[in-house]
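Participant: quick one: sequence and predicted model below, then my questions.
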Amino acid sequence: MRTTARLIGLIIEFVVLWLSSAVAILVLDAVFDGITLDPVDYGIPALSRLPSALLVALVFGLLSAVLWPLFVRLMSWIGPALLFLLVFFAGGAIMLLTLHIVPVASVDKLWDAVLMAMLLSLFTSFVGGAIASRSNTAYRLMQVRRQRLKRNHEPVADTPGLLCIQIDGLGHDVLRRAIADGVTPGLAALVRESHTLIPWHTDWSSQTGASQLGILHGSNHNVPAFRWYDKNTGKVAVFSNPRDNEDREIERADLTALLAVDGASRGNLFTGGAEDNVLVVSRMHGARLGGGSGYSSYFLDLSSALRTVIRMVAEVNRELRQAWHQRRADIRPRVHRGGSYPLVRAFTTVLATDVTVAAVVRDLIQGRSIIYADLIGYDEVSHHSGISRPETLKVLTKIDEEIQLLLAVVAQADRPYHVAILSDHGQSQGATFLQRYGMDLQQFVLRLCGEAAPSASLGKHTGAEGADYAAASVRSPKSSESPTPDEGLPVVLGSGNLGLISFPRIPGRADVDTIEAAHPGLLDGLRSHPGVGFLLVSRSSGGSVVLGAGGTVDVATGTVEGIDPLLHFGPDALEKIRRTDAFDNVADIMVGGAYWPETDEVAAFEEQVGSHGGMGGPQSTPFLLWPSVLPPPPDHLHGAEAVHRVLAGWRDL
């Protein structure tokens, strides 16, 4: 009975789409003089071209259904950020073929046929999706019916699966306020009815690479930051580089990853051991990006592809308007939002989200055992707009709607699911180091070393993963970044308000005495700067020390001399530092950026309004929203590896 109802629903969708397409063709025929439909005389002059329009609509629809998947497979050799640009042109080719085949229509102007295909495809995408269903959720639920038909009635398990949805960059306190203010009604309903909301605490490196590596693969050891200099290779490892991410997975091959058994990884930096991956950065390399990225199945549906294109155009326009308003109102702190950023925002908030959510819908209908998906739009926008400003909260509301949509799919799925929602880190806000002091960290370090500062250094790294994520989906990097450590200059990198300083010509880890001998006054100049909270350096006598402007902390014993430089960084700050201090690749000088508790602000070493990567403020406190029927996590959840153990325990139930 259910199969018959689904089939009837699909037939109704086809008839409505066919008839509406024919009407659209009549309108387009009247607009474009380069296309001619032959009239049929059956006594109603006003509708004399309707039979021809019906035939063109039918043939165009059938050809689209047959040829479009072939076009997508060919186009999937490029990244998804470019694929959508070819959508309209492929539609134009199908329209030209239709007009060539159908005897009742002719084309006099080639461009008119292409425009007609674009407009017709756009119209049918709305009719078949957004307009016909009149809601985003209903649009996706229409896809659910189609996925069920494709499943060929394969049985699914009746034991509960686990769906983990990550809202990238959303801090626990920001979410609490959003729930109270009605920004996220879907999440609010979960908190009040079925789920429990708790904070968890990141490692020192409070960024997606460290957190996801720990959550998905069970270990983030030797991950000091989003990017770090490796003295052994002379290269900079960075989490936006697919090959570097693959290396991080290979290093953990002996561990049981979270998604290793019947798992799916969607929109993440890592596979988590899953064989089925969509928009996963560690697989975005090689000659054929489409095969590794797994996004091509989304574009097989022409209406989905066009719907995404239109939403991306709207998002670019929205960003331009909001950036103009921020400049006009002189809202501070703010950063430059021009260049490619409007396109990057559209990629993260629309394209990546649409592809990820569609993949999760398919997973739920197929009955996948465990799914981990990352929705990255909030993180990208908050980097440039602020962590809780109105435009950022609107993006959060849209993510909440996507989650409500997935919960609706869960309710329709044949397999029951537990749904856990979490974030990988929070964000802290404030004017950047460069904005406050007129130079970035690299320029300041080189000045202290008596070297000429480059005109552009750390500023080239925006710190927002979305730009690198979008770039990785377009082209495959050949190798890691090379920092050009010529003339013995230090390599200075930034990860939010965490800085890393390495001396390539000093073998091993440089200690206090070695650094002072090579660059007298460097440590004192750094520790006394108002934009620096503390330094972590090794002692020549053994062990390490935390240096602040007015005091020190012995890392091993915790003994404080003078004013505690970690006073405002949380009770777990020293433990986080101890863990990082034991890494093989810890930088010669680890720089903890300043934190001002009275304003809850930091000064990022990258050009970000909202930043993360170090310590200070809400960046270190993400959230976990878990079903209350599951065994509770520990009262104090510290570190991404601890979150992995919790999720793995729920998975194994």
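Facilitator: Nice, thanks for sending it over. Numbers count the residues shown, from 1 in each chain.

Participant: burial of the closest residue to residue 263 other than its chain neighbours, as a residue count?
Facilitator: Leaving aside its chain neighbours, residue 263 sits nearest to residue 274 (4.1 Å; criterion: Cβ to Cβ, 6 or more residues apart in numbering). All C-beta atoms are positioned from the backbone trio N, CA, C, and that covers glycine. Residue 274: 26 surrounding residues under other Cβ atoms under 10 Å.

Participant: got a list of what residue 274 touches?
Facilitator: 257, 259-260, 263-265, 372 (Cβ atoms under 8 Å, 6 or more residues apart in numbering).

Participant: now swap in residue 40 and tell me
Facilitator: 48-52, 104.

Participant: let me know the pLDDT of the residue lying closest to residue 238 once chain neighbours are set aside.
Facilitator: In this structure, residue 238 finds its nearest non-sequential neighbour in residue 227, 4.0 Å apart by Cβ to Cβ, 6+ apart. pLDDT, residue 227: 95.

Participant: these two touch, right, residue 227 and residue 236?
Facilitator: Yes. Using Cβ atoms under 8 Å, residue 227 is in contact with residue 236, at 5.5 Å.

Participant: between the two, which one's more packed in?
Facilitator: The neighbour count for residue 227 versus residue 236, taken as other Cβ under 10 Å, is higher for residue 227 (25 against 19).

Participant: least confident secondary structure element in this protein?
Facilitator: In the chain, no helix or strand scores lower on mean pLDDT, DSSP states H and E than helix 130-133, which sits at a mean of 40.

Participant: without its sequence neighbours, what residue ends up closest to the residue sitting nearest the centre point of the chain?
Facilitator: The centroid of the chain falls nearest to residue 376 when counting by Cα atoms, centre = their mean (3.0 Å). Using Cβ to Cβ, 6+ apart and skipping residues adjacent in sequence, the residue nearest residue 376 is residue 168, 4.4 Å away.

Participant: correct me, but the one you found touches residue 375?
Facilitator: Yes. Using Cβ under 8 Å, residue 168 is in contact with residue 375, at 6.4 Å.

Participant: give me the more crowded residue out of the two.
Facilitator: residue 375 (31 against 26).

Participant: could I get the phi/psi values of that one?
Facilitator: Note on residue 375: backbone dihedrals following degrees, to the nearest 10 are phi -100, psi 110.

Participant: okay, now the unreliable bits of the stretch 51-200 of the chain?
Facilitator: Across the stretch 51-200 of the chain, the ranges flagged by pLDDT under 70 are 69, 71-89, 91-92, 107, 110, 113, 118, 121-122, 124-154.

Participant: so where do the helices sit in it?
Facilitator: Assigned by DSSP state H, counting those that start in this stretch, the stretch 51-200 of the chain shows helices spanning 80-83, 87-101, 110-128, 130-133, 136-150, 172-180, 185-193.

Participant: and what of the stretch 301-450 of the chain?
Facilitator: Under DSSP H, counting those that start in this stretch, the stretch 301-450 of the chain gives helices at 302-328, 341-346, 352-366, 377-385, 390-412, 433-437, 441-448.

Participant: pLDDT weak spots in the stretch 351-500 of the chain?
Facilitator: Looking along the stretch 351-500 of the chain with the criterion set at pLDDT under 70, you get 453-487.

Participant: filter the contacts of residue 40 to the buried ones?
Facilitator: Listed as buried from the contacts of residue 40 are 49-52, 104; burial here means 16 or more other Cβ atoms under 10 Å.

Participant: with distance to residue 543 as extra columns, can I get these in a markdown table?
Facilitator: Converted to a markdown table, these look like this (distance: Cβ to Cβ, whole Å):
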| residue | distance to residue 543 |
| --- | --- |
| 49 | 86 |
| 50 | 86 |
| 51 | 87 |
| 52 | 85 |
| 104 | 86 |
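
Participant: from those, pick the one nearest residue 17.
Facilitator: Relative to residue 17, the closest of those is residue 50; by Cβ to Cβ it sits at 16.1 Å.

Participant: could you double-check that the closest one sits in contact with residue 29?
Facilitator: No. Using Cβ under 8 Å, residue 50 is not in contact with residue 29; the gap is 10.5 Å.

Participant: mutual contacts of those two, please.
Facilitator: With Cβ under 8 Å, 6+ apart as the test, residue 50 and residue 29 reach no residue in common.

Participant: go through stretch 441-450 and flag the buried ones.
Facilitator: 441-446, 448-449.

Participant: what about the residue lying closest to residue 641 once chain neighbours are set aside, neighbour count?
Facilitator: Sequence neighbours aside, residue 214 is the residue nearest to residue 641 in space, at 4.6 Å (criterion: Cβ to Cβ, 6+ apart). Here the number of neighbours of residue 214 (other Cβ under 10 Å) works out to 25.

Participant: with residue 496 instead?
Facilitator: 29.

Participant: which strands or helices does the helix or strand hosting residue 524 pack on?
Facilitator: Assigned by DSSP states H and E, residue 524 belongs to helix 522-527. For helix 522-527, the packing partners by 3 or more Cβ pairs under 8 Å, 6 or more residues apart in numbering; DSSP states H and E come out as helix 441-448, helix 512-518, strand 532-538, strand 589-593.

Participant: and residue 246, which of the ones you listed is closest to it?
Facilitator: strand 589-593 (26.0 Å).

Participant: just after the closest one, pick out the following helix or strand.
Facilitator: Strand 589-593 is succeeded, C-terminally, by strand 595-596 (DSSP H and E).

Participant: give me the residues contacting the helix or strand just after that following strand.
Facilitator: For strand 595-596, the following helix or strand on the C-terminal side (DSSP H and E) is strand 601-602. Outside strand 601-602, the residues that touch it by Cβ under 8 Å, 6+ apart are 428-431, 496-497, 593-596, 611, 614, 616-617, 619.

Participant: please repeat the previous calculation with a cut-off of 7 Å.
Facilitator: 428-430, 497, 593-595, 611, 616-617 (Cβ atoms under 7 Å, 6 or more residues apart in numbering).

Participant: strands - which of these land there?
Facilitator: 428-429, 593, 595, 611 (DSSP state E).

Participant: how about TSV for those, with neighbour count and distance to residue 198 added?
Facilitator: Listed next are the ones in strands among the contacts of strand 601-602 as TSV, based on neighbours: other Cβ atoms under 10 Å; distance: Cβ to Cβ, whole Å:
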residue	neighbour count	distance to residue 198
428	30	20
429	22	23
593	28	27
595	24	23
611	34	24
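
Participant: just give me the closest of those residues to residue 564.
Facilitator: For those, the nearest to residue 564 is residue 595 (13.3 Å; Cβ to Cβ).

Participant: right, and the closest one touches residue 532 too?
Facilitator: No. With contacts counted by Cβ atoms under 7 Å, residue 595 stays clear of residue 532, the gap being 10.6 Å.
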